[in-house]
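[1] Need the 3D shape of this:
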Amino acid sequence: MRLSTIYKYQAVGGGSPFAHALGATIRERRRRLGLSQAELGHPLSRAYVSRVEHGELSPSLGSLVLLSERLGIPAWELLKVVHNRVTTR
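    Alright, predicted model coming up:
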């Protein structure tokens, strides 16, 4: 049976366990590199990065690639770290 778009969004969208794990991972790596939210996100806003880090918002693919490149990690590897973090709970 195919899953609805609404169901899929709830599984990975803002407020989901995935979004919280992604945000926590991004925040930890950003702090380790000594970057501010504004430095990490430019041209995205600091508020956008904050919402991602707090799990309130799931970034688009383009935004995820930008953030991961600034963190020095390929997007696929960042997603793998987050997946492992979510599935080992």
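
[2] Buried residues, the lengthiest helix in the chain. List them.
    Secondary structure of the chain per DSSP state H: the longest helix is helix 17-33. Residues of helix 17-33 classed as buried: 18-23, 25-27, 29-30 (neighbour count, 16 or more other CB atoms under 10 Å). All C-beta atoms are positioned from the backbone trio N, CA, C, and that covers glycine.

[3] That helix - what's its average pLDDT?
    Helix 17-33 shows a mean pLDDT of 96.

[4] repeat for stretch 40-47
    If you average the pLDDT over stretch 40-47, you get 97.

[5] in it, what's buried?
    In stretch 40-47, counting by 16+ other CB under 10 Å, buried: 40-41, 44.

[6] Pull the contacting residues for the residue nearest to the spatial centre of the chain.
    For the chain, residue 22 is the residue whose C-alpha lies nearest the centre (CA atoms, centre = their mean; 3.8 Å). Residues in contact with residue 22 (CB atoms under 8 Å, 6 or more residues apart in numbering) are 52, 55, 58-59, 78-79, 82.
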